[in-house]
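**Q** Fold the stuff below for me.
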Amino acid sequence: MRSDGLENGITYMNYNLLNVDPTEIYSVTELSKNIKQILSGHPQLNNVLLKGEITNFIKASSGHLYFSIKDENTAIACAFFKYLQDTDVDKDLCDGIQIVAMGSMTTYEPRCQYQLNIKKIIPIGNGARALRLRQTEENLEKEGLFDESRKKAIPKLPRKIGIITSKDSAAITDIFTVINSRYPMMNLVMAYVALQGESAPKSIINGLESLSRIEDIDVVILARGGGPSEDLMAFNDEGLVRAMHSYDKPIITGIGHEKDTCLADRVSDLRASTPSTAAKAAVPDMQELKSELKDLDGRLKISVSHIIELERTEIKRLRERHDLLKLGLERSYKSYLNLQNAKNNEVLVKRKEVEKLHNNLVSLRLTLERSYQSYLVASEAREKEIKAKRDEINQLSRSLDSLEVSLQRSYDSYLKVQEKNAEFARREDEIKQRNEEMKQQEKEMKLKVEDGKSEASKYKAIIAVMVVVIIIILLILIRLMT
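**A** As a prediction, the model looks like this:
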C-alpha cells in the first residue's frame with residue numbers, strides 16, 4: 001500500500017495484513033460500542049438543541065416515538081422514549097410540525113446507526129399553531145359539531161341571501177358576478193366584517209347576529225378570497241365555530257381557494273371551494289329554472305292530456321255502466337210493480353179475511369157477554385145455594401159433634417161393659433172351682449152375664465147405626481162440595 005499520499009482525507013498506510021497483531025482487529029460489535037462511547041462522551045453532542053420538521057413519524061405499541069427531524073437537505077433519526085414524554089404536548093406530535101428538540105447523540109448498536117435520543121420537545125412557529133389547531137379540531141369533533149346529521153338543508157329558492165365578507169374582499173366581485181348571471185333579482189343583505197386579525201372572529205360573529213334578526217333571510221354566505229394560511233386563521237376560531245354551529249339558518253362557506261380548509265368549513269352546512277362556488281350553491285340559475293319550468297309545463301300538458309283521455313275513457317265506461325244500470329233498474333221497477341200489485345191483491349184478500357174475523361169476534365164478544373151475564377146470575381144463585389149448603393153443613397157439623405160426643409159416651413160405656421165381661425169371666429173361673437154348694441149362685445151369675453151380653457149387643461147395634469149415619473152424612477157433604 002501507499003503511505004506517502006492523501007486521497008479523500010484517508011491516510012494510506014503500508015500494512016501487511018498477514019502480519020497484523022490480532023489485538024488490533026475490531027469486531028463489528030466492538031467498533032459499534034467504541035463509536036457509541038465516543039459520541040456519548042463528546043460534550044458538544046450532549047444536550048444538543050436541534051431545530052427542524054418532524055417526518056416519518058411512528059408511534060410504537062410500547063408508547064415510544066420514532067421519527068426523523070429534517071431541514072431542507074438532511075434528516076436525522078430520533079427516538080423519544082415514553083418515560084420522557086410530556087403527555088399534554090407530545091401526545092399530538094405528527095408529521096409536518098416544526099419543533100426544537102433537546103437530546104444527546106448516540107448510536108443504535110444492532111445497526112450501528114447514530115440517532116438523537118430526545119429528552120424534551122418544544123413546538124415552534126407554525127408547528128405550535130398547527131398543534132393547537134389540531135387539538136381544538138379534535139375536541140369539537142368529539143362534541144359532534146362536525147356531524148353530518150346536524151347540517152341544515154340549503155333552500156332551493158331563498159327569499160333573501162345574507163352575505164358576510166369584507167368591503168375590500170375580492171370575493172364580493174365574484175359573488176355579485178355569479179348572482180347577476182344566475183338570478184339578478186335576488187335580494188341580498190350585506191354584512192361587512194373584518195376577515196383577518198385578532199378582532200376578525202368577533203366581527204364575523206356580530207355579522208351573523210345582525211343577519212339573524214332579519215326574518216326572511218333563508219341562507220347566509222360566509223366568503224373570503226384566497227391568501228396565506230395565516231390570513232385564514234380567524235376561521236379556525238373556536239368561538240366562531242360554536243356560533244356557526246348554533247346558528248338557526250343554513251350557512252355556506254366559500255373561504256380561500258379549493259385547497260384551503262378551515263374549521264368554519266367543517267362546521268358549515270355546505271362547504272364551497274371558492275366564493276363563486278358558494279354563490280352558485282346559494283342562488284338558483286334562472287335559465288335552469290326556466291328550463292325546468294318549461295320541462296315541467298311540457299310534462300304537465302302531457303299529464304293533463306293523459307288524465308283527460310283517461311277521464312274520457314272512464315266517462316264512456318260510466319255511461320255504458322249507467323245504461324246497463326238503467327235497463328236493470330227499469331226491469332227491476334216493472335218486477336216491483338208486478339210484485340206490488342200481487343201484494344195489493346193479497347192485502348185485499350187478507351183484509352176481507354180480517355173483516356170476517358172481526359165480525360166473528362164481534363159476534364163472539366156478544367155471545368161471551370151474554371154468557372158472562374148468565375154466568376154472573378148462575379154464580380149468584382150458586383153462591384146462595386152454597387151459603388145454604390154451608391149452613392146445612394154447619395148444622396150437620398154441630399149434629400156430628402153431638403153425635404161424636406154420644407158415640408164417645410157409648411164407647412166409654414162399651415168399654416165398661418167389656419171390663420165387666422172380663423170380670424165376669426174371671427169370676428166364672430173362680431166359680432167353677434167352688435164346690436157344689438155354690439152351683440146355684442153360679443147359675444145366677446151366668447144369668448147376670450147373659451143379661452150383660454144382651455145389653456152389650458144392644459150397644460154394638462147402636463154404634464153400627466151411628467157409623468152408617470156418619471158415612472151417609474159424609475157422602476152428602478162430598479156431593480154438595482162438588
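
**Q** Just the buried positions in the helix or strand in which residue 172 is found, please.
**A** Assigned by DSSP states H and E, residue 172 belongs to helix 170-182. Neighbour-count burial for helix 170-182, counted by 16 or more other CB atoms under 10 Å, picks out 171-172, 174-175, 178-179, 182. The C-beta positions use only the backbone N, C-alpha and C, and glycine is treated the same way.

**Q** And that helix, what does it pack against?
**A** Packing partners of helix 170-182 (3 or more CB pairs under 8 Å, 6 or more residues apart in numbering; DSSP states H and E): strand 160-165, strand 217-224, helix 275-282.

**Q** So residue 477, which state does it fall into?
**A** helix (DSSP: H, G, I helix; E, B strand; the rest coil).

**Q** Can you get me a residue count around the closest residue to residue 237 other than its chain neighbours?
**A** Spatial nearest neighbour of residue 237, excluding adjacent residues (CB to CB, 6 or more residues apart in numbering): residue 201 at 3.6 Å. Using other CB atoms under 10 Å, residue 201 is surrounded by 23 other residues.

**Q** Quickly list what residue 187 is bridged to.
**A** Assessed by DSSP bridges, residue 187 has beta-bridge partners residue 160.

**Q** tell me the contacts of it?
**A** Listed by CB atoms under 8 Å, 6 or more residues apart in numbering, the contact set of residue 187 reads 159-161.

**Q** looking at those residues, which has the most residues close by?
**A** residue 161 (24 neighbours).

**Q** Residue 163 against residue 175, yeah?
**A** Yes: between residue 163 and residue 175 there is a contact under CB atoms under 8 Å: 6.3 Å.

**Q** State whether residue 68 is indeed within a helix.
**A** No: counting by three-state DSSP, residue 68 is not part of a helix but strand.

**Q** Low-confidence ranges, the stretch 201-350 of the chain, go.
**A** Within the stretch 201-350 of the chain, the stretches with pLDDT under 70 are 228-230, 257-260.

**Q** the strands in it, which residues?
**A** Along the stretch 201-350 of the chain, counting by DSSP state E, counting those that start in this stretch, strands occupy 217-224, 251-255, 270-272.

**Q** Of those, which is nearest residue 351?
**A** Comparing the strands of the stretch 201-350 of the chain by their distance to residue 351 (CB to CB), the top pick is strand 217-224, with 83.4 Å.

**Q** roughly how far apart are residue 53 and residue 59?
**A** Remark: distance between residue 53 and residue 59 (CB to CB, to the nearest Å) = 17 Å.

**Q** So if I had to pick from the two, which one is more boxed in?
**A** The neighbour comparison of residue 53 against residue 59 (other CB under 10 Å) goes to residue 53, with 18 against 15.

**Q** so the more buried one, which of the three states?
**A** Of the three states, residue 53 takes strand under three-state DSSP.

**Q** What residues does it make contact with?
**A** Residue 53 neighbours (CB under 8 Å, 6+ apart): 69-71, 96-99, 127.

**Q** repeat that with 7 Å
**A** Contact analysis of residue 53 by CB atoms under 7 Å, 6 or more residues apart in numbering lists 69-70, 96-98.

**Q** which one among those residues gets closest to residue 354?
**A** Nearest to residue 354 among the contacts of residue 53, with distances taken as CB to CB, is residue 96, at 115.4 Å.

**Q** Look at residue 116 and tell me its secondary structure.
**A** Secondary structure of residue 116, per three-state DSSP, is strand.

**Q** where along the stretch 251-400 of the chain do the helices fall?
**A** 263-267, 275-282, 286-433 (DSSP state H, counting those that start in this stretch).

**Q** sorry, back to before: mind listing the shared neighbours of residue 163 and residue 175?
**A** In contact with both residue 163 and residue 175: 221, 223, using CB under 7 Å, 6+ apart.

**Q** ok, back up a step: dump the helices and strands packed on helix 170-182 into JSON lines; add distance to residue 371 as well.
**A** Output for the helices and strands packed on helix 170-182, formatted as JSON lines (distance: least, CB to CB, whole Å):
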{"stretch": "strand 160-165", "distance to residue 371": "107"}
{"stretch": "strand 217-224", "distance to residue 371": "103"}
{"stretch": "helix 275-282", "distance to residue 371": "110"}
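
**Q** Before I go, just wanted to say thanks for your time.
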